[in-house]
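Q: Structure for the following, please:
(one chain, ligands or ions: 3)
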Amino acid sequence: IVPKTTGEGYGGDDDDCGDLLGSDLYKDICPEAEAIIFARVRLAVFQDTRMAASLLRLHFHDCFVNGCDASVLLDDTDNFVGEKTAAPNLNSLRGFEVIDAIKQELEFVCPQTVSCADILATAARDSVVVAGGPSWDVQMGRKDSLTASKALANNIIPGPNSTIGNLVAKFQNVNLSLKDMVALSGAHTMGKARCTTFAARLQDSTNPNGPEASLEFIQSLQQLCSVSDSSTLANLDLATPEMFDNQYYVNLLSGEGLLPSDQNLVTGDEQTRELVETYAQDMSTFFQDFKDSMITLGRLGPFTGTKGEIRRNCRSVN
Ligand code: HEM
Ligand SMILES: [Ca+2]
Ligand SMILES: [Ca+2]
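A: Ligands and ions are numbered 1, 2, ... in the order given. Below is the predicted model of the structure:
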């Protein structure tokens, strides 16, 4: 395995952070692990199709903050503040119970063997597969953190009103490229967002720099969000919200991206617009780039080496 060389503690080949150990780590020590995770993800998505989106996002919000170490799963306690109450996560992240159920079954079959961080990475992959997207081998061997950082979660995860410069900077901050950013944004081909996250779109039916959203699209959002209920949701992909496909990019080209940050991929920068055009035209290029970037995302360390552990319960340190 070639570790990604990075600075700032990301990448996992410095100090005692360890490294990923390959995709067949559990073959001998917990051969049922991947089948158990897949079955649980498939069941969860069957019961609630949005769960595929939610599980994918959990892995993203984990990896951005101190790497893929399941920090996002730690519950707050009287003397510990985790990441769950950070602005990008609060009243927004879902799927914790699915991860709990997977962990419980794995602890029964092979105690303290499969890390919560590896479960997150695998559940994210399986969610994409179940929703009709590409598959890839998940590199295993992440350890679970003993800590979390609410401050970092607040600062490092991009928000929905980010400019293109902001988006690129926040991805580059964790050593992900502009291309990774555009490809990974394709995750918004499924799932939902609250009205508060796209309020800026309700005003902006005429965008001087890019494709003009149809009045119908903007009006339907205005109507949806006119009810003052902070939990009202819209589909991130208005056409195929439950399918993992390249429709998200097609929507962007017709001005029908939901989040301001989504639409900025077309209006804000020539390089990102060209990638959007490529992915809108060619699903297989999108699938290839998406899985490459997911593997890169999943390699964000530290993998915490001797400092980490394999939690028995994903919500708390041992
Ligand atoms: C490029 C910068 C990104 C921004 C600004 C962004 C922002 C957001 C926002 C505001 C929401 C709605 C949250 C809510 O209303 O509760 C959302 C949902 C979502 N995001 Fe992102 N996101 C970005 C990148 C990503 C990436 C890289 C992934 C995964 C690889 C991802 C996966 C998702 C998914 C699947 C949902 C729907 C979740 C659900 O329905 O439960 N996003 N995102
Ligand atoms: Ca983390
Ligand atoms: Ca879709």
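Q: What segments of the stretch 201-318 of the chain are helices?
A: Counting by DSSP state H, counting those that start in this stretch, the segments of the stretch 201-318 of the chain that form helices are 215-226, 247-253, 260-267, 270-281, 283-298.
Q: Report the angle between the last one and helix 270-281.
A: Right, helix 283-298. Angle, helix 283-298 to helix 270-281, by axes from the mean of the first three to the mean of the last three CA atoms, to 10 degrees: 120 degrees.
Q: Could you point out which of the helices of the stretch 201-318 of the chain sits nearest ligand 2?
A: Each of the helices of the stretch 201-318 of the chain was scored for nearness to ligand 2 using CB to the ion, and the closest is helix 283-298 (11.4 Å). Just so you know, the C-beta spots here come from the backbone N, C-alpha and C atoms, and that holds for glycine as well.
Q: wait, which of the helices of the stretch 201-318 of the chain is closest to residue 75?
A: With CB to CB as the criterion, residue 75 lies closest to helix 283-298 of these, at 23.4 Å.
Q: Can you list the neighbours in contact with the closest one?
A: With contact meaning CB atoms under 8 Å, 6 or more residues apart in numbering, helix 283-298 is reached by 4, 59-60, 63, 68, 121, 124-125, 128, 133-136, 138-139, 176, 179-180, 183-184, 186-187, 245-246, 249, 278-279.
Q: one more time with 6 Å, if that's ok
A: Defining contact as CB atoms under 6 Å, 6 or more residues apart in numbering, one finds that helix 283-298 is touched by 63, 68, 121, 134, 136, 180, 183-184, 186, 246, 278-279.
Q: What parts of the stretch 51-200 of the chain come near ligand 2?
A: 62, 65-66, 69, 71 (CB under 5 Å from the ion).
Q: Recalculate using a threshold of 6 Å.
A: For the stretch 51-200 of the chain, the residues in contact with ligand 2 (CB under 6 Å from the ion) are 62, 65-67, 69, 71-72.
Q: Going by distance to residue 111, which of the residues you listed wins?
A: For these, the minimum distance to residue 111 (CB to CB) is 20.2 Å, reached by residue 69.
Q: what about the closest residue to that closest one other than its chain neighbours, distance to ligand 1?
A: In this structure, residue 69 finds its nearest non-sequential neighbour in residue 145, 3.9 Å apart by CB to CB, 6 or more residues apart in numbering. Distance, residue 145 to ligand 1, using CB to the nearest ligand atom, to the nearest Å: 20 Å.
Q: mind listing what residue 145 touches?
A: 69, 71, 304.
Q: just residue 192 next, same as before
A: For residue 192, the contact set (CB under 6 Å, 6+ apart) comprises 233, 235.
Q: what do you get if the cut-off is 8 Å, keeping everything else the same?
A: Shown in contact with residue 192 (CB under 8 Å, 6+ apart): 50, 53, 233-236, 241.
Q: Quick one, which of these are buried?
A: For the contacts of residue 192, a neighbour count by 16 or more other CB atoms under 10 Å gives the buried set as 50, 53, 234-236, 241.
Q: now the residue lying closest to residue 308 once chain neighbours are set aside: how far from residue 251?
A: Of all residues not flanking residue 308 in the chain, residue 143 sits nearest, at 2.7 Å (CB to CB, 6+ apart). The gap separating residue 143 from residue 251 is 39 Å, by CB to CB, to the nearest Å.
Q: same deal with residue 269?
A: From residue 269 across to residue 251, the span is 18 Å (CB to CB).
Q: Likewise for residue 57?
A: Noted for residue 57: a distance of 18 Å to residue 251, by CB to CB.
Q: Who has more neighbours out of those two?
A: residue 251 (27 against 23; other CB atoms under 10 Å).
Q: and the helix or strand where residue 171 lies, what does it pack onto?
A: Assigned by DSSP states H and E, residue 171 belongs to helix 164-172. Counting contacts by 3 or more CB pairs under 8 Å, 6 or more residues apart in numbering; DSSP states H and E, helix 164-172 packs against helix 178-185, helix 260-267.
Q: most tightly surrounded among the ones you listed?
A: Across the helices and strands packed on helix 164-172, averaging neighbours per residue (mean count of other CB atoms under 10 Å) puts helix 260-267 on top, at a mean of 23.
Q: what's next to that helix, contact-wise?
A: 158-164, 167, 182, 185, 188, 198, 200-201, 204, 207, 209-211, 236, 248, 252-253, 255, 257, 272-273, 275-276.
Q: could you redo the last one with a cut-off of 6 Å?
A: Applying CB under 6 Å, 6+ apart, the external contacts of helix 260-267 come out as 160-162, 164, 182, 188, 200-201, 209-210, 252, 257, 272-273, 276.
Q: now swap in stretch 176-184 and tell me
A: By CB under 6 Å, 6+ apart, the surrounding residues in contact with stretch 176-184 are 167-168, 171, 265, 272, 275, 289-290, 293.
Q: ok, those vs residue 45, which is closest?
A: Closest approach between these and residue 45, by CB to CB: residue 290, at 18.1 Å.
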